[in-house]
Every structure is written in structure tokens, then in C-alpha cells.
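Colleague: Compute the structure for the input listed below.
(chains A and B)
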Amino acid sequence: MFLRRKIKTDHYLTATIIISLVVAVLIHFPETISLFDHLEGVTLFPGMRVIDVINEVVFTFLSLLLLFAVNTFLFHFNRSSIKISWKKILLSFILTWILSNLLGQVFVYLHKTFNIPAIDAMVHHYLHPLRDFVMSSLVTTSCYIIYLIRRQQQVIVENQQLRAENILNQYEVLKNQLNPHMLFNSLNTLRSLIRENQDKAQMYIQELSRVLRYTLQGNEFQSVSLHEEMEFVNAYIYLLKMRYEDNLLFDINIDKKYDNYMLPPMSIQVLVENAVKHNEISTKRPLTIHIITNGDGMLSVSNPVQPKLTKTPGMGIGLVNLSKRYQLLFKKEISITEDDSFTVQIPIISN
Amino acid sequence: MNMKLVIIEDERAAVRNLVTLLEEVKPDAEVIAELDSITGTIEWFSSHSAPDLVFMDIHLADGSAFEIFEHVTINCPIIFTTAYDEYALKAFKVNSIDYLLKPFGKNEMEHAFEKLAALHTSTSTQQQEDELHSLIRMLGEQKNYKSHFLVPIKGDKLLPVSVEDISLFYIKDCQVKVVLKNNAEYPFPHTLDELTEYIDPSLFFRVNRQYLISREAVKDIDLWFNSRLSVNLRYENLDEKVLVSKTRVKEFKDWFAKKK
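Modeller: Below you'll find the predicted structure:
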């Protein structure tokens, strides 16, 4: 990428040099022709020498380069990442025009004071304002065209990147939905249940299916009612309780009046999953997770902080996603606090 | 003589599974301890002599089982168990370590014992120990990188932030700051040295003592005196030049050009 950027910069420089050179030569086309045409040389440009024309071309070339440089420096036409408005283009044109006039004056001054060879013919002087206009138009237009081309290239590259990122994201979402670690652990639990208690095993299969179905359908709806979410969370909790038995406890207090309030699907599940993932759950230190609605339309999931000795990787991935989903869907923020207990409060939205 | 076994596993149902299977496959085996945490395991192994075999789940109640080896040496064969763990599986395959994937049954268990016997005769204890160490190192490397941070904001609130959304970290007035891609800036509770360890070095580069930057933070780069580089950042709220020292220039270019 470093290299590509460098090459691009070089292209910009080469393009401006080539344009300046071509314009400088073409704009003195009449003079150049009349050098080879004796009659016109005498009538239109009396007393003009070859050195005069060369000097004019060289000075125009240098002026153009300077104009390009000023434009690039002031308006950053070489940066495809910035936006260039019509106002900027107009400003660039006017500025270039004024500057090109001034440069012409400088050349005349140099010519008069230091006797630097230049064309003295009247026609040449009459043509100057027109030339300045043409030159500044060309500089501004080519700057803008180069900018547009680069911008288009950038859009193509960005689109490709976006596509790649989307695919990667979809893959991550799918993998997270299925959560292989949880799935295989559940199957292992099921294995022991089949041997020990077949009724429970059947029940477990029902709840596991419910969880899987909900997770797979999860992205079909952007929001679900608290009632639906809690049905799923209860199934999820059932699976967890079978795994952790008496070491994992739940304290659930949901006010019935919030049943029809909406929230993003799997948001409570993500918070429960996080609590289980990041805290010690053992016979010595059982964990209690509280799921509570409080008066002001917020639902909080909290647990005492029982840090593991080694941090579980992926800290916060669920929280980042949840927070983004809340911003996109409801333009609301979730609130995360940590002291002795870790609490996440999520808004539930009335219909 | 009875085979003495220790089971390290934090789920009761999984322990019962294991015990019942052992009764079928190795009736002469005797489970002398069932442990469910890192701390419990460390305590047990520092006060008892090593058993003949250990079954060890990777995810324990208080963290990753590999932490155990930082504190005690276990001088006996180990069969690791796990439900699903991409990194661990990769590491196991490279290091020919014995492992069982949950849920496992009689056949898998028998197979594991056969593999264990084969490993035992074909390789020395030293070799096995080396393999275990390289396994732990592999897992350690891959697991330390954080993908997300909780950044404290406004009193006791925490903002969940994905590493992808972070533009750079830098030191201002002796305080580490994190700058997000949306140009928001917050004080950050870790030092840059710590961060260099937490964060995937392919994503962030320590250009100098004050700056740890992502590729996306770079607007453009100027060549500077003394073959250094001056990095212009997209974040414009900085009063000083970000210079890459002469010795780090090559490393910086390599890092920048490398694909993720």
C-alpha cells in the first residue's frame, strides 16, 4: 500500500508536468509557426527571435507548474479522500487567473529591467489576457479531472474493501450465531442426561432446539418484544443451568407491563452469555445473574464481578455489537457500569 | 496396580460422563481427585505427588487451563478435553498432543489411550515436555490480543470499543489517550507498553515512544531529515510532528505494506 501511494503521487507529478509542457508549447503556437514563415513573422511579430519564443515557452511552462503547485497546495486536488465543491473550483479558477496575470507582469518586468529576451510584438501583448484565461481554465479543469479520476479509482477500491468486509462480517455473524463452543458443550451435557435422566434429556432437546431456532432466525427481525426475548432467554438459561447446575443462579424480576416493549433480538442473551464467559463459576464461587426491569423503561443485567485468573479473549465483542445495534435501531445508548458488580442497562422501547 | 487419575473439569455433567466412560474403558483406573479451577489445581498439585494421568478441560471455572503450567509442573501425561476451540485444535495438531473433543464416547476414549501409549513409547519425557511448552506458547501468543476494550468515560461509565474503531493511542501530558476513528478522544487506563502486548502488532505500530497507530490513522507520510519519516495523521488535534526514528523506518514501511 505504501508503494502504491508513492506511485500514485508520482503519476500526479508526471501528469502536471506533461500538461504544463503541452499547454506551454501550444499556447505559443502562432509565434512558433511565424518563426518559420518569414512574411507573417515580419507583419505580425516584428523583430521576434527564436530565443524570444523559447524563453516565452519556458517561462509559461514554469508558470504553469507553479500554478499547479499552488492549486495542489491550497485545494489538495491530489487527495481523493476530500470533497471538492463548486465553490472551491471557482475559487481555484479565479486565483489561478489572477496569479497567472501577475506572473505575466513579472515576466514583463524581468524583460524590461534585466533585458531578458521576450517577444515585444503588439499582437503578442494583446493576446496575453486571452492566454491567461485559457491557461487558468486549463489548470483548474485538469486539476479537477485528475481529482475525479483518482476519486473514481478510490471508490472502486473502497467498494471492493467493503464487499470483502461484508463477507467477513457475515461469516462472523453466522459463526457467532451457531456458537460452536456452546453447541458442543450442550451436546456433551445431553450425553450425560441421556444416561442419567431421560425425561430431562427430552426436555433439554426441546430447549436446545428452541435456542437454536431463535438464534438462526435472530437476524430476520430487527426488534422483538421483551416477552419473546425472555422466552428464549429462559430456554437459554435452562441449558446453562443444566451445564453449571447449582453453581449458576438467576434472579429474574421482569414487570409484566413491559411484555410488549421492544428490544433488539438476543440482546439479553448476549449479556447473560458475557456474564457466564467472563466470571468464575465454581462450587467455591457460584455466580448469580440478575435480570431486572426498573421503573424508567430500562432493563438491567448485572452480576457480581468474579474475575477469572486469565482473561477470556473477545472481551466486549457482544457489547460493541449491542451498542451499535441500539444506536442504529433506536438511536439510544446502552449504559455499562462496573464497581463490585458489572451492570449493563439497556433501554426497552414502548410500542 | 491401579492407575491413578486426576480429572480437571468445571462442569459436573462432563465429569460424570468422563467417570462412567473410564469405568467402561479402564476399569482398573481410580479417580483420586476432581478439580474444577486453576487455583484448585495449583493447590492440589503443590501438595500431592503426580498421578499417572490427568484429564484436563481447557476452559475452567476461573480461566484457561494453560495458566496452571505457569505455576506448577505436572510430571505425567495429560489428555486435554475441549468442546470447540479453534486455536487449541490447531495447536494440538501441530504438537501431537493427546486430546479429546466433547462429546466423546467409548471409541474416542479407547483411541486416546492407545495414542497415549504410542506417544509414551516413541518419545522421551523431555520431548513431551517440550511439546507441551511449545503448545502453551502458541496458545499464549494467539490469545493475548484483544479485539475490544471497555473505555471508561464520564465517571463510572464504560464505552465498549472495537479495536477496528480505534485510530491511535498516544501520550499527552503523561496520560495515555485513545483516539477513535470518529475522532473522539478519551483517557485510556493502560500504558502504551501494555497495549503493545495486548494488541495485534499487525494492526498497530509503535512509531515512537508516544504513538501507537493503526494504518488507517495515517493520512500521508513525508520524508524527513536524517532519513526519518514524518507521519501526518488524520486526527488533526495534535500539536507535534509524529516522527518515525531512523532505526524504525524500515520496520514501519514493512508493517505498513503488509496485508492484515
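Colleague: roughly how far is the lengthiest helix in chain A from the heart of the chain?
Modeller: Within chain A, and with DSSP state H defining each element, the longest helix by residue count is helix A:122-178. The gap between the average C-alpha position of helix A:122-178 and the chain average comes to 16 Å, counting by C-alpha atoms, centre = their mean, to the nearest Å.
Colleague: Could you list the residues in contact with whichever helix or strand comes after that helix?
Modeller: Toward the C-terminal end, the helix or strand that comes next after helix A:122-178 (DSSP states H and E) is helix A:180-196. Outside helix A:180-196, the residues that touch it by C-beta atoms under 8 Å, 6 or more residues apart in numbering or on different chains are A:200-201, A:204-205, A:208, A:212, A:239, A:242-243, A:273, B:11, B:13-14, B:16-17, B:20, B:83-85, B:101-103, B:105. Any C-beta I mention is one placed from the backbone N, CA and C, and that applies to glycine too.
Colleague: One more: stretch B:24-38?
Modeller: By C-beta under 8 Å, 6+ apart, the residues outside stretch B:24-38 that reach it are A:280, A:282-284, A:309-310, B:2-10, B:15, B:19, B:22, B:41, B:44, B:48, B:51, B:53, B:60-63, B:65, B:67-68, B:106, B:109-110, B:113.
Colleague: Can you tell me which of these are buried?
Modeller: Judged by neighbour count, with 16 or more other C-beta atoms under 10 Å in any protein chain shown as the criterion, the buried members of the contacts of stretch B:24-38 are A:280, A:282, A:309-310, B:4-10, B:15, B:19, B:22, B:41, B:44, B:51, B:53, B:60-63, B:65, B:67-68, B:109, B:113.
Colleague: what's the one helix or strand A:I33 maps to packed up against?
Modeller: Assessed by DSSP H and E, A:I33 sits inside helix A:29-36. Helices and strands touching helix A:29-36, by 3 or more C-beta pairs under 8 Å, 6 or more residues apart in numbering or on different chains; DSSP states H and E, are helix A:38-43, helix A:50-75.
Colleague: Is the longest one in proximity to chain B?
Modeller: No: on the criterion C-beta under 8 Å from any C-beta of the partner chain, helix A:50-75 is out of touch with chain B, staying 12.7 Å away.
Colleague: so that helix versus helix A:29-36, what angle?
Modeller: Here helix A:50-75 runs at 160 degrees with respect to helix A:29-36, directions being taken by axes from the mean of the first three to the mean of the last three C-alpha atoms, to 10 degrees.
Colleague: Between helix A:50-75 and the next helix or strand after helix A:50-75, find me the angle.
Modeller: Using DSSP H and E, the next helix or strand after helix A:50-75 towards the C-terminus is helix A:86-114. Using the same axes, to 10 degrees, the inter-axis angle of helix A:86-114 relative to helix A:50-75 is 150 degrees.
Colleague: mean confidence score for helix A:86-114?
Modeller: Mean pLDDT, computed over helix A:86-114, is 88.
Colleague: in that helix, what counts as buried?
Modeller: Using 16+ other C-beta under 10 Å, the residues of helix A:86-114 that count as buried are A:88-89, A:92-93, A:95-97, A:99-101, A:103-104, A:107, A:111.
Colleague: coming back round to it: residues of the helix holding A:I33 that come out buried?
Modeller: Counting neighbours by 16+ other C-beta under 10 Å, one finds that the buried residues in helix A:29-36 are A:E31, A:T32, A:S34, A:L35.
Colleague: re earlier: just flag the most distant two among the buried residues of helix A:86-114.
Modeller: Between all members of those, the longest pairwise span (C-beta to C-beta) is found for A:K88 and A:H111 and amounts to 34.1 Å.
Colleague: Would you mind listing what in the stretch 1-150 of chain B touches chain A?
Modeller: By C-beta under 8 Å from any C-beta, the residues of the stretch 1-150 of chain B that approach chain A are B:10-14, B:16-17, B:20, B:36-40, B:61-64, B:66-67, B:83-85, B:101-103, B:105, B:143-150.
Colleague: From these, list the buried ones, please.
Modeller: Buried residues within the residues of the stretch 1-150 of chain B next to chain A, defined by neighbour count using 16+ other C-beta under 10 Å: B:10-14, B:16-17, B:36-40, B:61-64, B:66-67, B:83-85, B:101-103, B:143, B:146-150.
Colleague: May I ask you to confirm that B:T82 is in contact with B:A88?
Modeller: Yes: in this structure, B:T82 is within contact of B:A88 by C-beta atoms under 8 Å, at 5.6 Å.
Colleague: any common contacting residues for the two?
Modeller: Common neighbours of B:T82 and B:A88 (criterion: C-beta under 8 Å, 6+ apart): B:I58, B:Y99.
Colleague: higher neighbour count, the two?
Modeller: More neighbours sit around B:A88 than around the other of B:T82 and B:A88, counting by other C-beta atoms under 10 Å in any protein chain shown; the figures are 23 against 20.
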